[in-house]
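> Sequence first, predicted coordinates after that:
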Amino acid sequence: QVQLVESGGGLVQPGGSMRLSCAASGRTFTSYNMAWFRQAPGREREFVAVISWSGGATDYNLSVKGRFAISRDNAKNTVDLQMNHLKPEDTALYYCAASTLLRVLSIRAENFQDWGRGTQVTVSS
């Protein structure tokens, strides 16, 4: 099991940028593919971005592709989400998640065993 703590959320204006970070502790960080999910009020949790254990492969929700970038630092046990050109519809609680399913780059929430508590991102003028 790995413990995950997100940080970096807050209020930002439309068109602005924000960087989220997730710190992991516990089991070896390179045992996990890592992802970000989000959940807006009244909506289901949705996939945002995923990165492989080595950092060599990534995938994104089409709604954020070209605006968001996921990265990881295996020496520091962190995974970040750089969010640019933010829109009001990006407003949500953002969760960091870890998956031991390494042979595929899954984007399905049920394949992620460990979750953080989330950090709120609000995009509003």
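Arrived safely, thanks for sending.
> got the contact list for the most centrally placed residue in the chain?
By C-alpha atoms, centre = their mean, the mean C-alpha position of the chain lies nearest to residue 36, the distance being 2.0 Å. Residue 36 makes contact with 20, 22, 48-50, 70, 79, 81, 94-97, according to C-beta atoms under 8 Å, 6 or more residues apart in numbering. C-beta here means a position set from N, CA and C on the backbone, and glycine is covered the same way.
> do residue 29 as well
2, 74, 77.
> Repeat that for residue 122.
Residue 122 sits next to 9-12, 91 when contact means C-beta under 8 Å, 6+ apart.
> Show me the beta-bridge partners of it.
Beta-bridge partners recorded for residue 122 (DSSP bridges): residue 11.
> For this structure, just list every one of the strands.
2-7, 10-12, 18-26, 33-39, 46-51, 58-60, 68-73, 78-83, 92-99, 114-115, 119-123 (DSSP state E).
> Show me the shaky parts of the chain.
By pLDDT under 70, the chain has no low-scoring segment.
> Which residue of it lies farthest from its centroid?
Going by C-alpha atoms, centre = their mean, the residue of the chain most distant from its centre is residue 125, 23.7 Å out.
> Might one say that that residue is in contact with residue 13?
Yes: counting by C-beta atoms under 8 Å, residue 125 touches residue 13, with 5.3 Å between them.
> First-to-last residue distance for stretch 108-123?
End-to-end distance for stretch 108-123, by C-alpha to C-alpha, to the nearest Å: 25 Å.
> If we go by neighbour counts, what in it is buried?
109, 112, 114-116, 118-119, 121, 123 (16 or more other C-beta atoms under 10 Å).
> And these, which two are furthest apart?
Greatest spatial distance in the buried residues of stretch 108-123: 114 and 123, 27.1 Å, computed using C-beta to C-beta.
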